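> no sequence on hand, only this structure:
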């Protein structure tokens, strides 16, 4: 009767091919796992007496690489040899073996040889064979059940030579340190659990002994717990706190190892699920958590190569979440509480800086972000979708109210409008608070910068600090009406005048002959702005055809910044009035090429508002002694005369800052903030907003 004939070459060809270094090492890992099983069979409960020697030579040469795995296990006796010769054997079924691991050897290596010494008929025997890829004969014996002297140690030696295909050769590690990292990462759960054999790995002369290399990284005693669920049954978790080196070669710091039949199948990064950013134990910090999870549910759902579970990613995430919840609450409760307290402080600081994200109470907001979220970027990235959802709901509610007012629908008019007003007020207060927070920080920075420059008078970096001060208020050597100059929009000109908050009609530290069409010199006013109507946006700078060039400019502002604390103004160019009038003489009656290259003439009767920001001390105090004082008695002012209309006002630096604070006082109050302390007024949480946020903490 005809029988089905196995096609081994085709079977091997169809095996999944590696796509990374870990998968390319899987055939080697299978051989090491076989050696571990052989030692378990030989030593029983005393497997720590066993030993495996792994020698790797010519690692960087894919064609010449040689790997030897030698164990002192039970050896390939008749029963085990028969199982080796049977594809899909269930000999090691109780240990999770699928009987196909050695097919991966044939797929990966050019040459495979096996020598084994074992017990036979009351004595000791040896067999040796080549393992080859063809359909007629895969096991080619060279020594068959040959007697050897009594006392010769049992065990098996497997020799691999040459990587057979580029699919294995390309991702296979080429450096000894890389090889050892991947080896440690794959077997780390076995090494952490302890009780296994000694494994000595020698890679081109660099030797490491396991499990010592890993167990030396463990801090304190292991922890264990069992969780039970209807879906996954009993899952046993053993937890270890280790030095960070234990996670070398793995993705992330904290790890959860999912085991099947006491062998690692998959290791998952759980930094996000643990949440703790700095694990501590016995006085050491920045430690890593490693958890080993085992259970019948996992044993029954591993694939034939023991390289993955036959489970969806969603299911694996559910298992990971349940396990890590037990780790947090049962194994590391004190550290978790400490981390959560620090995380709350970081969140509160985040909301102080970005009040628009404080649209719900702290507990609700923190419950909407993953445990690992602890930075402004992380808080914002997870809360922004709830912010958008809330804004959308409010807009829809308002639109329904507007539509209802236009219809005959009966509803509680007063109550609905009052609720809509409260919603608008809460939303606008948060937006206003965000605006004020930014301005508050800008003014605080300006004050610090002014103080720093005063304290460092005469230091080598004075010039750079002065430029920094100018650049903070407005970028230097730019024109705001240049659409290609993006940085020109990043200015803080509202500090000088609130009407300038969004202006683009300005020139900062540009030569006058670069700004004026036909005249001008190399003089560089710190800042001048033309026709405030453009600056306030009544003319769209992106639509130059809308600019009315028939009317000349009748208002121009000129600003000069003098270094805070400067006392010497002795040179001819240091005379304030002469410096300003020199600029005006070049501007008056000339043309500026502004938005869209449109030419706008400066009127002969243009009014010039000229400001000099300085500390009135030293020579400047004497120079301005004949000028009128400003209303607060701190500044100086002089009306222009003769050919020019307008005035020159000298404003002290501290007055400039104080005036900006005063202008923003009402906004600070409306936002529920103060100059010294930012504490946003929290809106009332939405009643009953307890929906499932749907956040995936792993994403």
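Cool, got the structure. Fair warning: this is a prediction, and the values are worked out from it, not measured in the lab.

> and the pLDDT for residue 164?
On the pLDDT scale, residue 164 is placed at 93.

> where does the stretch 451-600 of the chain have low pLDDT?
Low-confidence segments of the stretch 451-600 of the chain, defined by pLDDT under 70: 457-465, 487-488, 531-550, 595-597.

> mind listing the strands for it?
Counting by DSSP state E, counting those that start in this stretch, residue ranges of the strands within the stretch 451-600 of the chain are 478-479, 506-508, 527-530, 553-561, 591-593, 599-613.

> got those strands as JSON lines, with mean neighbour count and distance to residue 290 columns?
For the C-beta atoms, the positions are set from N, CA and C on the backbone; glycine is no exception. Below are the strands of the stretch 451-600 of the chain laid out as JSON lines (neighbours: other Cβ atoms under 10 Å; distance: least, Cβ to Cβ, whole Å):
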{"stretch": "strand 478-479", "mean neighbour count": "20", "distance to residue 290": "55"}
{"stretch": "strand 506-508", "mean neighbour count": "25", "distance to residue 290": "57"}
{"stretch": "strand 527-530", "mean neighbour count": "24", "distance to residue 290": "60"}
{"stretch": "strand 553-561", "mean neighbour count": "21", "distance to residue 290": "59"}
{"stretch": "strand 591-593", "mean neighbour count": "19", "distance to residue 290": "68"}
{"stretch": "strand 599-613", "mean neighbour count": "19", "distance to residue 290": "61"}
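
> now tabulate these in JSON lines and tack on distance to residue 279.
Listed next are these as JSON lines, based on distance: least, Cβ to Cβ, whole Å:
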{"stretch": "strand 478-479", "distance to residue 279": "49"}
{"stretch": "strand 506-508", "distance to residue 279": "51"}
{"stretch": "strand 527-530", "distance to residue 279": "53"}
{"stretch": "strand 553-561", "distance to residue 279": "51"}
{"stretch": "strand 591-593", "distance to residue 279": "63"}
{"stretch": "strand 599-613", "distance to residue 279": "52"}
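
> would you mind saying which of those lies nearest residue 640?
Evaluated over the strands of the stretch 451-600 of the chain, closeness to residue 640 peaks at strand 599-613, with 6.5 Å, by Cβ to Cβ.

> which secondary structure elements does the closest one contact?
The helices and strands touching strand 599-613, judged by 3 or more Cβ pairs under 8 Å, 6 or more residues apart in numbering; DSSP states H and E, are strand 553-561, helix 576-587, strand 591-593, strand 645-651.

> who's in contact with that strand?
Outside of strand 599-613, the residues that reach it under the criterion Cβ atoms under 8 Å, 6 or more residues apart in numbering are 496, 517, 530-531, 547, 549, 552-562, 576, 580, 584, 587-594, 640, 644-653, 656.

> okay, the angle between that strand and helix 576-587?
Between strand 599-613 and helix 576-587, the angle comes out at 170 degrees (axes from the mean of the first three to the mean of the last three Cα atoms, to 10 degrees).

> strands paired with strand 599-613, and their directions?
strand 553-561 (parallel), strand 591-593 (antiparallel), strand 645-651 (parallel) (DSSP bridges).
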